[in-house]
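>>> dropping a prediction and its sequence here:
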Amino acid sequence: MKNYEEKDRELFMEGEELAKIAVRSKMALDQLRKIYQMIRERQLIKTWPLEFVRAHIKRQMTRVSGRRGFNRILELMDKYKKDRKSLEQILAYSILLYDFYRNKHILDLIEVAEPAIRETLRKHGLNLYDLWPKYVRGNFVEIAVIIDKYPSDLGRLIMEIRNAFRKTGKISRLNLKIRIES
């Protein structure tokens, strides 16, 4: 038998893979949450039989996007049919990682643009504390730039930061809004 850390690492990897597949196949996060709630074992509440969960998944495959994600869940149900707790944990990991993989392209863009943004802020006598995607919906992205003090020429600074993002070459299809916070 595997020790606890090895098993937990295996479940994490399965959950991470499921999150990636779910995002790529456009499976909604709410679908993952619903299946997790159906599989989850709770005291004093009768759990759904796995065959009922399987039927629910097959029904959803004909109604909503995410066929590859649903297929992966069915495969995991076969693999962990005798270990419902592990299946529950895999789904929990996939729910936790879903937003990360859905927005990974934005995080990658921030990583590439950060040195240029730091340099831009330094020219204005400012220090960067953090950059993070405050709001992401479709191709609209609002990025919060957290700095040490409020700038004297906010409009010019925002324009220069936006230009730093454009220089990455990966912003063409994004509607980017910069929000300065101090």
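That came through, no problem.
>>> from here on, just use CA atoms for contacts and neighbour counts.
Fine.
>>> domain map for the chain?
Domain ranges of the chain: 4-101, 104-181, per automatic domain parsing.
>>> adding mean pLDDT and mean neighbour count, write those out as CSV.
Shown next, in CSV, are these (pLDDT from 0 to 100; neighbours: other CA atoms under 10 Å):
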stretch, mean pLDDT, mean neighbour count
domain 4-101, 95, 17
domain 104-181, 89, 15
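>>> for the residue of the chain most remote from its centre, phi and psi?
In the chain, Ser152 marks the outermost C-alpha relative to the chain mean, sitting 35.2 Å out by CA atoms, centre = their mean. Dihedral pair for Ser152: phi -80, psi -40, per degrees, to the nearest 10.
>>> ok, it to Ile158 distance?
12 Å (CA to CA, to the nearest Å).
>>> which parts of this protein are strands?
Ranges of strands in the chain, per DSSP state E, are 128-137, 140-147, 175-181.
>>> okay if I get those strands as CSV plus distance to Asp99?
Below are the strands of the chain laid out as CSV (distance: least, CA to CA, whole Å):
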stretch, distance to Asp99
strand 128-137, 10
strand 140-147, 14
strand 175-181, 19
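>>> Ser94 is nearest to which of those?
strand 128-137 (19.2 Å; CA to CA).
>>> quote the end-to-end distance of stretch 73-86.
One end of stretch 73-86 sits 12 Å from the other (CA to CA).
>>> from here on, count from 33
Let's use 33 as the start, then, which means that last one is stretch 105-118.
>>> which residues touch that stretch?
Identification of contacts with stretch 105-118 by CA atoms under 8 Å, 6 or more residues apart in numbering yields 43, 50, 71-73, 82, 86, 89, 119.
>>> of those residues, closest to Val144?
Among those, Leu50 lies closest to Val144 (CA to CA), at 26.7 Å.
>>> gap between the closest one and Lys111?
Leu50 sits 14 Å away from Lys111, taking CA to CA as the criterion.
>>> over to Met93?
Look at Met93 and Lys111: by CA to CA, they are 20 Å apart.
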